[in-house]
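> Sharing a sequence plus its predicted fold:
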Amino acid sequence: MPYRLTVIGTGYLGITHASCMADLGFEVLGLDIDADKIRRLNNGELPIHEPGLEPVLRRGLDSGRLRFTSSYEEVAAFGDVHFVCVGTPQKKGEYAADVTYMDNAVESLAPLLDRECLVVGKSTVPVGTAERLADKLARLAPAGVGVELAWNPEFLREGFAVEDTLHPDRIVLGVRSDRAEKVLREVYEPLGDVPFVVTDFATSELVKTAANAFLATKISFINAMAEVCEAAHADVKQLSEALSYDDRIGGRFLNAGLGFGGGCLPKDIRAFMARAGELGADQALTFLREVDAINMRRRARMVDLARELAGGSFHGCTVGVLGAAFKPNSDDIRDSPALDVAVTIGHQGGQVTVYDPIALDNARKAHPELNYGESAVEAVRGAHVVLLLTEWQEFLELDPEELGAVVATRRIVDGRNALNSEVWRSAGWHYRALGRP
Ligand SMILES: NC(=O)c1ccc[n+]([C@@H]2O[C@H](COP(=O)([O-])OP(=O)(O)OC[C@H]3O[C@@H](n4cnc5c(N)ncnc54)[C@H](O)[C@@H]3O)[C@@H](O)[C@H]2O)c1
Ligand SMILES: O=c1ccn([C@@H]2O[C@H](COP(=O)(O)OP(=O)(O)O[C@H]3O[C@H](CO)[C@@H](O)[C@H](O)[C@H]3O)[C@@H](O)[C@H]2O)c(=O)[nH]1
């Protein structure tokens, strides 16, 4: 392979990128400031849950092509192409993104660079960040070395991270030179026939935030329809199905329910609004306020429905919560709608017990105040109301009779429109769902 790659920031994005690039045959060095993460990765232990990723990580380590370090010196000496994948979370108390980790990474790396290389931003950032970081890189890197910045936003989904990395829908490159384009096309050549969009920094940054804004809008659109369905005694699941047959609309991201969470969509639409405001284009994105508000109203509606089933108050009520992760096949609990609902019900006096097949440890750490069960049956034992909040396959296969035998009363709210209502109702359950009669 023509280039040696480094990946700076080994979280959900960085571990996947580093492991998959090593699997494609590159020599890859991953770096993180979290020493424990680096130790675990070098031992072949995945610090996150991501289906199919562990064997890829292990293959990389076993082949000798993949290593992890905490040393920026080592990274600077090793890499021809440095991918920056550090976090860009929402700032506390503000809509804007906190890009200080990006700045820190560039500040740590730049002065150490002593040979021609490309620094490539992959994290999701407010438009204008790449230009600012390019200036910073030029200022801090030793003169005459031939260091350049490029932007290459990432579109992978958690739960499908390996597949999305190896088979992306498109590759977007924000570049300022033919050389940067050539290097990145060569890096991605092993992926085969993937559409490339080669553009300027600002457009490449905006493609990413626009994509997430569109996805969030599609989810909130169907959840707005769910609100109307609730008022009109109509069925949003059937409405969504009927819409999906129109190719122009399509059925993906049209599942009504508890709405979107995670480390991306919520913070990215807020950061997008904040940045548009700074640019004087805030009016263009005022609709995203509604997208956000509709999304958050679903969580409130879920709590209301649960309270209704509990008889008007959570006091003296035991609630079994199925799901803690923000979506199935992930251990990620960042801005998880499920945990948000569980915590709110706890605050309102409910005795909440949560179960999740994979995200239980993360949930426990973040919310020690909640009770946790070691299985779905344990979580709902004695419950007056059961809430399905993350649609893990395991929950879709639950036997209503088996669960019915341990609950106090057979009442369930399906927060993801994922269960077969007829099966549950015919087993004597009082079944309710968001947006359905
Ligand atoms: N998670 C996803 O599915 C996904 C997909 C596409 C894009 N993104 C974007 O990618 C970026 C990373 O997201 P994530 O989910 O992987 O976050 P994460 O929090 O899981 O990982 C970020 C990592 O960066 C490390 N880090 C922070 N500062 C550092 C520094 N100065 N030097 C080296 N490492 C440092 C942290 O220790 C952490 O391990 C974000 O901008 C996110 O919006 C994420
Ligand atoms: O029809 C749907 C689809 C999704 N969701 C929810 O939306 C959230 C986000 O889901 P998804 O987009 O699949 O997960 P992420 O892994 O956060 O991926 C998004 O965010 C990433 C980080 O920016 C991008 O790279 C991906 O392209 C983008 O899909 C989850 O809470 C889902 O439960 C719904 O409520 N209804």
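Nice, I can see it. Ligands and ions are numbered 1, 2, ... in the order given.
> can you tell me the helix or strand for Ala138?
If you go by DSSP states H and E, Ala138 is part of helix 129-140.
> hmm, that helix touching ligand 1?
No: taking CB under 6 Å from any ligand atom as the criterion, helix 129-140 and ligand 1 are apart, separated by no less than 10.2 Å. All C-beta atoms are positioned from the backbone trio N, CA, C, and that covers glycine.
> Quick check: mean pLDDT of that helix?
For helix 129-140, mean pLDDT is 98.
> list the helices and strands that helix packs on?
Counting contacts by 3 or more CB pairs under 8 Å, 6 or more residues apart in numbering; DSSP states H and E, helix 129-140 packs against helix 100-109, strand 117-121, strand 147-151, helix 201-232.
> 6 Å instead, please
helix 100-109, strand 147-151, helix 201-232 (3 or more CB pairs under 6 Å, 6 or more residues apart in numbering; DSSP states H and E).
> what's the most buried one of these?
Stretch with highest mean neighbour count among those: strand 147-151 (a mean of 25; mean count of other CB atoms under 10 Å).
> How about Ile294: what's its closest non-neighbour residue?
Ser220 (4.2 Å; CB to CB, 6 or more residues apart in numbering).
> Which residues are in contact with that neighbour?
Neighbouring residues of Ser220 by CB atoms under 6 Å, 6 or more residues apart in numbering: Val291, Ile294, Asn295.
> now, which of those lie within helices?
Val291, Ile294, Asn295 (DSSP state H).
> Near ligand 1, which residues of the stretch 51-200 of the chain? Just list them.
Going by CB under 6 Å from any ligand atom, the residues of the stretch 51-200 of the chain near ligand 1 are 85-88, 101, 104-105, 108, 123-124, 154, 156, 158.
> Ligand 2: which of the residues you listed is nearest?
The shortest gap between ligand 2 and any of those belongs to Glu158, at 3.6 Å (CB to the nearest ligand atom).
> per-residue confidence for the closest one?
pLDDT at Glu158 comes out at 97.
> Let me know the helix or strand that it is in.
Here Glu158 is assigned to no helix or strand, by DSSP H and E.
> so which of the helices and strands packed on helix 129-140 gets nearest ligand 2?
helix 201-232 (4.5 Å).
> The closest one: what's the following helix or strand?
Counting by DSSP H and E, what follows helix 201-232 is helix 236-244.
> Give me the number of neighbouring residues for Arg176.
16 (other CB atoms under 10 Å).
> swap in Ala161?
Applying other CB under 10 Å, I find that Ala161 has 26 neighbouring residues.
> Could you do Asn329 as well?
Around Asn329 there are 21 other residues, counting by other CB under 10 Å.
> try Glu394
So Glu394, with other CB under 10 Å, has 16 neighbours.
> Pretty sure it sits against Pro357.
Yes: the pair Glu394 / Pro357 is scored as a contact, 5.4 Å apart, by CB atoms under 6 Å.
> Residues of this protein that sit close to ligand 2?
So the chain meets ligand 2 at 124, 154-158, 212, 215, 219, 253-255, 257, 259-262, 264-265, 268, 326-327 (CB under 6 Å from any ligand atom).
> ranking the contacts of Ser220 by neighbours, who comes first?
Most neighbours among the contacts of Ser220, by other CB under 10 Å: Val291, with 26 neighbours.
> In this structure that one contacts Phe214, no?
No: here Val291 does not reach Phe214: they are 10.0 Å apart, not a contact under CB under 6 Å.
> which residues of the protein fall in strands?
4-8, 27-31, 66-69, 81-84, 117-121, 147-151, 171-174, 196-199, 318-322, 351-355, 371-372, 385-388, 411-414, 430-433 (DSSP state E).
> Let's have these in CSV, adding distance to Asp399 and mean pLDDT.
Output for the strands of the chain, formatted as CSV (distance: least, CB to CB, whole Å; pLDDT from 0 to 100):
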stretch, distance to Asp399, mean pLDDT
strand 4-8, 44, 98
strand 27-31, 43, 98
strand 66-69, 43, 98
strand 81-84, 46, 98
strand 117-121, 49, 98
strand 147-151, 50, 98
strand 171-174, 45, 98
strand 196-199, 48, 98
strand 318-322, 13, 98
strand 351-355, 15, 98
strand 371-372, 22, 98
strand 385-388, 13, 98
strand 411-414, 13, 98
strand 430-433, 15, 98
